[in-house]
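Undergrad: curious how this folds, go ahead:
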Amino acid sequence: MSKKHTVLQGESVSMIAKRYGFPSWQSLYDHPDNQEIKKLRPDPDLIFPGDEIVIPDRIKAIFKAKLNEKQTFRSKAKKSVIKLKIGAIGGKIWADRKVELQVDGQIIEAKTDDQGIAQFKLPKRHSQKAILNIYTVKETSKPSYSVEVKLGHLDPITELTGQQARLSALGFDCGLLSPKTNKRYEKAVEDYQQAMGLKVDGICGPETQKSLEKEYGC
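TA: Residues are numbered from 1 along each chain as shown. Here you go, the predicted structure:
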C-alpha cells in the first residue's frame, strides 16, 4: 500500500527516491499519484519542508537465470548532478577555473564554463554538507576560496527563505534565513531591485522572483 513522505529540509526528490529504493527520481516524481506535487514544484530539486510526496508500492521484477553461469544485472539509477555558478559580488564571472567539491572525503573536480558554471556528479548516497574549493588563480595548488555548501537546502523561489538564500548568495545580505519578513530582507530586496533596474518597492513579487531565478541560475 502506498504511503506519504513529508519532506524535510535539505531533501530533494532524488534523495527521497533513493531512500525508498526507486531506481531514479523520475520513477517517483512522474508517478500518477504525484501529479499534484509535480505541478506545485516543477523543479524536483526545489521542494519545500512540509510538502508531501506519495511513495507508491514498488513493482517486483522477476528474472530468469541459469544455474552455474555468471549473471549480470545493471541498475538504471543515475547519480545526482549539481550545477554551481561561480562568481564574485558585482557580477564578475570566473570562467575556465578549476573547482573542487569535497563530499564525504571524496574530491570531485570540475572546471567552470564561459558562464562560470561548474557541474558535479555526486555519489549515489551522500551527506548534505560539502566544501567547495575555488581556484580563481590559474596554475596554483592552493584554492583561493573554500565555501561550505549545503546540498539540497535551497528552497523554491516562491518561498521567503528561497528568496533570502538567493539574495544573500548574490551579495545582498539578508542575514539568517527566516520564514518572516524583516527590514534587513526588505532592504536587500530594494538594493537588488535598484541594481537590476527593477521597480524599487522592497517586495519580491513575480518580476523580482523571475529576475532572481535568472541571476542565481535556478
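
Undergrad: tell me the SS of Leu101?
TA: Here Leu101 is strand, with the state taken from DSSP: H, G, I helix; E, B strand; the rest coil.

Undergrad: over to Leu167?
TA: Per three-state DSSP, the local secondary structure of Leu167 is helix.

Undergrad: what about the strands in the chain?
TA: Secondary structure of the chain (DSSP state E): strands at 3-6, 52-55, 81-85, 98-103, 106-111, 117-121, 129-135, 145-150.

Undergrad: any chance of these in a markdown table, plus distance to Pro32 and mean neighbour count?
TA: To be clear about C-beta, it is placed using only N, CA and C from the backbone, and glycine gets the same treatment. Below are those laid out as a markdown table (distance: least, CB to CB, whole Å; neighbours: other CB atoms under 10 Å):
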| stretch | distance to Pro32 | mean neighbour count |
| --- | --- | --- |
| strand 3-6 | 15 | 11 |
| strand 52-55 | 9 | 19 |
| strand 81-85 | 26 | 16 |
| strand 98-103 | 34 | 20 |
| strand 106-111 | 35 | 13 |
| strand 117-121 | 29 | 17 |
| strand 129-135 | 34 | 18 |
| strand 145-150 | 32 | 12 |
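
Undergrad: what helices and strands are in contact with the longest helix along the chain?
TA: Secondary structure assigned by DSSP state H gives helix 183-196 as the longest helix of the chain. If you count contacts as 3 or more CB pairs under 8 Å, 6 or more residues apart in numbering; DSSP states H and E, helix 183-196 packs onto helix 160-169, helix 206-216.

Undergrad: looking at these, which is buried most?
TA: The highest average neighbour count among the helices and strands packed on helix 183-196, using mean count of other CB atoms under 10 Å, belongs to helix 160-169 at a mean of 21.

Undergrad: can you state the direction angle for that helix and strand 145-150?
TA: 170 degrees (axes from the mean of the first three to the mean of the last three CA atoms, to 10 degrees).

Undergrad: contacting residues around helix 160-169?
TA: Here helix 160-169 makes contact (CB atoms under 8 Å, 6 or more residues apart in numbering) with 46, 153-157, 173-175, 177-181, 185, 188-189, 192, 204, 209, 212-213, 215-216.

Undergrad: show me what contacts the residue most central in space within the chain?
TA: Nearest residue to the geometric centre of the chain (CA atoms, centre = their mean): Gly152, 4.7 Å. Contact analysis of Gly152 by CB under 8 Å, 6+ apart lists 10-12, 15, 45, 128.
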